[in-house]
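# Okay, structure incoming, though there's no sequence with it:
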Ligand code: HSE
């Protein structure tokens, strides 16, 4: 049995769901994969809790989560005011799980956390898209020099497999195009508006109540979250180094109920699509609402479900749907990457 020492930065919906999964699945992780993840530190906006060398007691951690108290209040282990950067400096660990909110201005505090962990040669598993979208080249250079690795399933549509399908399951095939419904919040809003005639504000509030909208929901509805995900997918699958200014982005704030009804009358359905296409030796990457024909493979993806469709040269079209947005789904994607990193991909990433 291999113990894995983990530092969790960010203790909102996703960070908490990850800790719950680790506790719930302890025995299965040992029996199926031979790994024993231990949470050595948790950091939130107010401070931290640290337990080295044995890991934080998960039952006590769950009690703290259930009581809604900040992590710095954890009896015997709490460190008021301690930052993620300080935690990363002060204790050894194998894996950083980065689940702080996405910041698209300077990527902080996640950038500092990820850089520190990679520079120490740790594996980084991130749900946070900010640093990966803004500083992809820099992160690649750090990985090259330190041997640290970065896994980002949770940042690329989480429970919906996207990169795994594009990298592993289509190996040897040439991907000509990718289309995705990559944001659950906007798909939820469009579905509720189309099915029930629900107004935009009510549908957005319901998505927020489900805990699937970003801390700043503008990121969802303006298409920025979809843009961030399609950038990460394009960079990984098409060997690009795109940034946020390279992708023409239109969200759903301009989609009116009349537009949805008109599309329905024409037998179509409006979805927010992030796409990458090879066109005349150049790559076209964009985000926009599109009126899909009823037989399009993504037309039947509703509510907070997502979907991705790959058009390939030798495998034809491959579509994966499901993986609805939820904190538990994002945590499950973090756990998947943890298992892949420690059990199946023990070599350096290419
Ligand atoms: N806000 C996102 C969504 C989840 O609605 O899918 C995190 O990427």
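Happy to help now that I have it. All values reported here derive from a predicted model rather than from experimental measurement.

# Can you name the residues of the chain sitting close to the ligand?
183, 184, 185, 212, 213, 214, 220, 225, 325 (Cβ under 6 Å from any ligand atom). Where C-beta positions appear, they are placed from N, C-alpha and C, glycine not excepted.

# Quick check: next helix or strand after the least confident helix or strand in the chain by mean pLDDT?
Lowest on mean pLDDT, DSSP states H and E among the helices and strands of the chain sits helix 200-209, with a mean of 92. Going down the chain from helix 200-209, the next helix or strand is helix 218-221, by DSSP states H and E.

# Not counting that next one itself, show me its contacts.
102, 104, 183, 185-186, 189, 204, 207, 213-214, 224-225, 228, 251-253 (Cβ atoms under 8 Å, 6 or more residues apart in numbering).

# and of the residues you listed, the nearest to residue 284?
residue 228 (17.5 Å; Cβ to Cβ).

# doesn't residue 104 make contact with the closest one?
Yes - using Cβ atoms under 8 Å as the test, residue 228 is close enough to residue 104 to be in contact (7.5 Å).

# which one is the residue positioned nearest the centre of the chain nearest to, not counting chain neighbours?
Computing the C-alpha centroid of the chain and ranking residues by Cα atoms, centre = their mean puts residue 155 first, at 2.1 Å. Leaving aside its sequence neighbours, residue 155 sits nearest to residue 129 (Cβ to Cβ, 6 or more residues apart in numbering; 4.5 Å).

# Residue 229 is in contact with the one you found, correct?
Yes - assessed by Cβ under 8 Å, residue 129 is found in contact with residue 229 at 7.1 Å.

# shared neighbours of the two, anything?
With Cβ under 8 Å, 6+ apart as the test, residue 129 and residue 229 both reach residue 155.

# picking up where we left off before, between the residues of the chain next to the ligand, which is closest to residue 144?
Checking the residues of the chain next to the ligand one by one against residue 144 (Cβ to Cβ), the nearest turns out to be residue 225, at 28.5 Å.

# What residues does the closest one make contact with?
Counted by Cβ under 8 Å, 6+ apart, residue 225 has contacts 102, 129, 182, 183, 185, 214, 219.

# quick revisit: any of the contacts of helix 218-221 buried? List them.
102, 104, 183, 185-186, 189, 204, 207, 213-214, 224-225, 228, 251-252 (16 or more other Cβ atoms under 10 Å).

# biggest separation within the residues you listed, which pair?
104 and 189 (21.0 Å).

# Give me the neighbour count for the residue lying closest to residue 327 once chain neighbours are set aside.
Spatially, and ignoring its direct neighbours in sequence, residue 327 is nearest to residue 13 (3.8 Å; Cβ to Cβ, 6+ apart). Residue 13: 17 surrounding residues under other Cβ atoms under 10 Å.

# The chain should start at 12 in everything you say after this.
OK, 12 is where the count begins now, so the last one is residue 24.

# got the contact list for residue 24?
Residue 24 touches 222, 338, 341, counting by Cβ under 8 Å, 6+ apart.

# Could you measure from it over to residue 192?
21 Å (Cβ to Cβ, to the nearest Å).

# try residue 158
For residue 158, the distance to residue 192 - Cβ to Cβ - is 36 Å.

# who's more crowded, the two?
residue 192 (27 against 14).

# So that one sits against residue 312, correct?
Yes - using Cβ under 8 Å, residue 192 is in contact with residue 312, at 5.2 Å.

# Find the residues that touch each one of these two.
By Cβ under 8 Å, 6+ apart, the residues touching both residue 192 and residue 312 are 198, 282, 318.

# Give me the neighbour count for the second one.
As a burial measure, the neighbour count of residue 282 was computed by other Cβ under 10 Å and equals 25.

# Ok, the first one next?
Residue 198 has 28 neighbouring residues, counting by other Cβ under 10 Å.

# Grab the nearest non-local neighbour of it.
residue 192 (5.3 Å).

# Show the contacting residues for the residue nearest to the centre of the chain.
Contacts of residue 166 (Cβ under 8 Å, 6+ apart): 137, 138, 139, 140, 143, 239, 240, 243.

# how about low-confidence regions in this protein?
Applying pLDDT under 70 to the chain flags residues 357-361.

# 90 instead, please
Low-confidence segments of the chain (pLDDT under 90): 12-13, 63-65, 221-227, 291-292, 335-337, 355-361.

# In it, mark out all the helices, start to finish.
24-35, 37-39, 69-78, 95-101, 121-130, 141-145, 147-157, 174-175, 195-207, 211-220, 229-232, 235-248, 268-276, 338-350 (DSSP state H).
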